[in-house]
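In: With the input below, show me the fold.
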Amino acid sequence: MPQTYFRGMSKTDIEANRNEDQMKLLVGELRHKLGKIYEGGGKKAAAKQKEKGKMLARERVDFLRDPNTPWIEIGAFAGYDMYEAQGGCPAGGVVCGIGYVSGRQCVIVANDATVKAGAWFPISGKKNLRAQEVAMENRLPIIYLVDSAGVFLPMQDEIFPDKEHFGRIFRNNALMSSMGITQIAAVMGSCVAGGAYLPIMSDEALIVEGTGSIFLAGSYLVKAAIGEEIDNETLGGALSQTELSGVIDDRFPDDASCLQRIRYIMDKLGKHEEAGFDRVSPVAPSLPAETLYRILPADRSKPYDTLQLIRCLVDGGEFEQYKEGYGKTILCGYARVDGWAVGIVANNRLLVKSRKGEMQFGGVIYSDSADKAARFIMNCNQKKIPLVFLQDVTGFMVGSRSEHGGIIKDGAKMVNAVANSTVPKFTIITGNSYGAGNYAMCGKAYDPRLIVSWPGSRIAVMGGEQAAKTLMQIEKARLTAAGETLDPEKEQEMLNQIIDRYNRQMSPYYAASRLWVDAVIDPTETRTWISMGIEAANHAPVKPFNVGVIQT
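Out: Numbering: from 1, shown residues only. As a prediction, the model looks like this:
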């Protein structure tokens with residue numbers, strides 16, 4: 001076993017201990033942030049929901065799910081540190097994730113009425129669309145637990161009219177119905193205006209007596225529009241919408257009985273054609289998951305052994321490399337994760353020698369590594385093997401040698417293969433995710449089925465210091481052109497401000513708040529996310545693979 005894992009106080013052990021301490025601090029910070037988010041709109045808002053006899057959003061989800069089964073939450077950090085002027089919007093005011101109900105894997109979406117009465121902020125719409133996207137890509141049943149006051153009116157211009165806004169949700173309802181994807185909606189609180197279409201465009205619509213109501217316009221708006229005086233319960237309560245209008249299929253006395261009916265419905269669902277990804281009995285990795293804490297350097301600019309990281313994630317630590325001696329700054333190979341066959345594409349963070357004897361920097365994509373990765377990705381599509389990308393990339397190699405060697409052509413080949421890949425892709429951002437390297441290693445723009453970050457990861461066009469110096473050069477050139485000068489003290493102050501701002505925007509929480517990634521996770525949860533993701537993807541047949549035109 002490598003020296004790093006001995007208990008002696010060698011230099012490598014001291015470094016590993018430092019790495020472990022740093023990662024534990026980052027994971028502790030992650031859990032603290034999540035704890036605050038799970039409180040939703042706070043204790044007072046929660047107490048008001050309880051007074052009405054309602055479960056809270058997360059209680060509903062927990063009651064609905066099968067006990068002691070995995071659950072991966074998508075978008076917990078949506079809206080994090082956003083909308084402060086409006087009082088904040090924890091988790092985007094909605095709980096979303098993939099779990100199991102009556103033994104069936106499904107997507108669950110639950111409005112959190114403790115956050116502005118479940119009103120939709122711009123990020124709420126984006127998060128709901130992401131949940132529907134997951135259901136559509138993987139042909140998973142989707143369950144909506146509706147409890148929302150509708151669009152947050154002060155920001156209606158940012159949520160209402162555009163292609164990726166509120167109305168897209170109902171368009172997706174219609175498409176999923178045509179695709180044969182089961183949709184079940186339970187009206188467990190308010191369901192007003194355009195939002196009323198969601199339950200009615202689902203396959204089954206249920207409602208809770210006394211707390212659930214559904215109508216296009218509430219009693220106040222009805223009075224203002226047509227002068228009719230009527231209370232909300234008579235207008236669109238459970239009795240009215242089940243026995244008079246027939247809009248809702250059935251009503252229930254409380255949240256628990258309504259959720260039990262959903263479990264009953266899910267228990268009867270038939271199965272559709274599957275993709276047929278290969279799975280055998282799972283085997284634990286050769287190294288404990290916590291070893292991941294000791295591998296990643298506290299200073300993310302330092303090299304580390306990516307092969308050791310992979311062995312912490314794959315069954316039995318077995319990783320069969322593809323073209324091991326070629327394109328060494330990217331590691332490609334076959335393995336299993338929780339029994340599922342996978343192809344892994346990982347940035348190698350060690351300093352390596354190229355086949356010509358030249359030293360190559362870890363985390364940088366060179367022409368040979370891009371060429372190798374493109375070929376491997378195409379092979380995985382040919383063999384119907386899901387792809388896992390482990391991103392710790394600083395970008396493509398620059399300079400005259402690389403340009404004259406065709407780095408743009410080889411990079412385009414890799415990007416083309418990633419973009420046209422039809423097997424499911426899963427992206428784990430373990431460290432840096434810079435520039436076009438983000439694209440080539442299957443960033444959010446390239447449709448990974450799931451994409452998550454580890455604490456301490458960074459996502460940006462380039463590193464903070466490099467970006468700041470570039471921006472400073474531009475600013476100094478502007479001042480020079482205007483006949484002005486910048487004294488050294490002022491220059492350093494401006495540089496520090498730029499670095500601070502840039503570093504904030506590189507944070508994984510900044511990315512997660514805007515849903516550039518689905519979650520920030522403890523590294524030890526990585527296998528669960530990959531396994532759950534492949535199981536979900538296995539519900540949908542794989543489309544034919546064609547890369548189109550590629551320059552060779």
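
In: Run the chain-centre distance for the longest helix seen in the chain.
Out: Criterion DSSP state H: the longest helix present in the chain is helix 11-38. Centre-to-centre, helix 11-38 and its host chain are 21 Å apart (C-alpha atoms, centre = their mean, to the nearest Å).

In: Tell me which other helices or strands that helix touches.
Out: Helix 11-38 is packed against helix 292-295, with contacts defined by 3 or more C-beta pairs under 8 Å, 6 or more residues apart in numbering; DSSP states H and E. All C-beta spots, glycine's among them, are computed from the backbone N, C-alpha and C.

In: Other residues contacting the helix it packs on?
Out: 4-5, 16-17, 19-20, 23-24, 27, 304-305, 308-309, 312-313, 523-524, 526 (C-beta atoms under 8 Å, 6 or more residues apart in numbering).

In: Average pLDDT for the helix or strand following that helix, rounded please.
Out: Using DSSP states H and E, the next helix or strand after helix 292-295 towards the C-terminus is helix 306-311. Averaged across helix 306-311, the pLDDT comes to 96.

In: swap in stretch 543-552?
Out: Stretch 543-552 comes out at a mean pLDDT of 79.

In: which SS class is the residue of the chain most remote from its centre?
Out: Distance from the centre of the chain peaks at Gly483, with 48.1 Å (C-alpha atoms, centre = their mean). Using DSSP: H, G, I helix; E, B strand; the rest coil, the structure places Gly483 in coil.

In: where does the closest residue to Val283 other than its chain neighbours land on pLDDT?
Out: With sequence-adjacent residues excluded and distances taken as C-beta to C-beta, 6 or more residues apart in numbering, Val283 is closest to Asp315, at 4.1 Å. Looking at Asp315, its pLDDT is 98.

In: pretty sure Asp315 contacts Val342?
Out: No - with contact defined as C-beta atoms under 8 Å, Asp315 does not count as touching Val342 (9.7 Å).

In: quick one: common contacting residues for those two?
Out: The contact sets of Asp315 and Val342 overlap at Ala335, Arg336 (C-beta under 8 Å, 6+ apart).

In: Neighbour count: those two, which is higher?
Out: Using other C-beta atoms under 10 Å, the more surrounded residue of Asp315 and Val342 is Val342, with 26 against 22.

In: would you say that one is within a strand?
Out: Yes - Val342: assigned to a strand according to three-state DSSP.

In: Could you check how far it is from Asp157?
Out: Distance of Val342 to Asp157, computed by C-beta to C-beta, to the nearest Å: 43 Å.

In: Which residues in stretch 182-198 does the neighbour count mark as buried?
Out: The neighbour-count check on stretch 182-198 (16 or more other C-beta atoms under 10 Å) flags 182-193, 195-198 as buried.

In: If you average the pLDDT over that stretch, what comes out?
Out: Throughout stretch 182-198, pLDDT has a mean value of 90.

In: and if you look at stretch 11-25?
Out: Per-residue pLDDT over stretch 11-25 has a mean of 90.

In: Check whether Arg104 really touches Arg139, as I assumed.
Out: No - judged on C-beta under 8 Å, Arg104 makes no contact with Arg139 at a distance of 12.0 Å.

In: Please identify which of the two sits among more neighbours.
Out: Arg139 (21 against 18).

In: Can you read off the backbone torsions of that one?
Out: phi 50, psi 50 (degrees, to the nearest 10).

In: List the contacts of it.
Out: When contacts are counted by C-beta under 8 Å, 6+ apart, Arg139 touches Met179, Gly180, Ile181, His272, His539, Ala540.

In: Leaving out chain neighbours, which residue sits closest to the second one?
Out: Across the structure, with C-beta to C-beta, 6+ apart as the measure, the residue nearest Gly180 apart from its sequence neighbours is His272 (6.7 Å).

In: Just give me how far the strand or helix carrying Glu493 sits from the chain centre.
Out: Element membership of Glu493, judged by DSSP H and E, is helix 488-506. The chain centroid and the centroid of helix 488-506 are separated by 29 Å, computed with C-alpha atoms, centre = their mean.

In: With stretch 220-239 instead?
Out: For stretch 220-239 - counting by C-alpha atoms, centre = their mean - the centre lies 40 Å from the chain centre.

In: what residues does it touch?
Out: Contacts of stretch 220-239 (C-beta under 8 Å, 6+ apart): 207-210, 212-215, 217-219, 240, 248, 251.

In: May I see the buried residues of that stretch?
Out: Residues of stretch 220-239 classed as buried: Val222, Asn232, Leu235, Gly236, Gly237, Ala238 (neighbour count, 16+ other C-beta under 10 Å).

In: Could you do stretch 273-293 as well?
Out: Neighbour counts over stretch 273-293 (16+ other C-beta under 10 Å) mark Ala275, Phe277, Arg279, Pro285, Ser286, Leu287, Ala289, Thr291, Leu292, Tyr293 as buried.

In: before we move on, what about stretch 200-214?
Out: Result for stretch 200-214 [16+ other C-beta under 10 Å]: buried residues 200-214.

In: And for stretch 164-173?
Out: His165, Phe166, Gly167, Arg168, Ile169, Phe170, Asn172, Asn173.

In: what distance separates that stretch from the centre of its chain?
Out: Put simply, stretch 164-173 sits 19 Å off its chain's centre (C-alpha atoms, centre = their mean).

In: Repeat that for stretch 36-56.
Out: The answer for stretch 36-56 is 26 Å, by C-alpha atoms, centre = their mean.

In: My guess is Ser354 contacts Val364. True?
Out: No - applying C-beta under 8 Å, one finds Ser354 not in contact with Val364, separated by 11.5 Å.

In: Pick out whichever of the two has more residues nearby.
Out: Val364 (21 against 16).

In: I'd like the distance between the closest residue in space to that one that isn't next to it in sequence and Gly327.
Out: In space, and not counting its chain neighbours, Val364 is closest to Met397: 5.2 Å by C-beta to C-beta, 6+ apart. Going from Met397 to Gly327 by C-beta to C-beta gives 12 Å.

In: Mind checking which of the two has more residues around it?
Out: Neighbours of Met397 and Gly327, each counted by other C-beta under 10 Å, are more numerous for Gly327; the result is 28 against 20.

In: and the gap between that one and Thr306?
Out: The gap separating Gly327 from Thr306 is 14 Å, by C-beta to C-beta.

In: Quick check: neighbours shared by those two?
Out: Joint contacts of Gly327 and Thr306 (C-beta under 8 Å, 6+ apart) do not exist.
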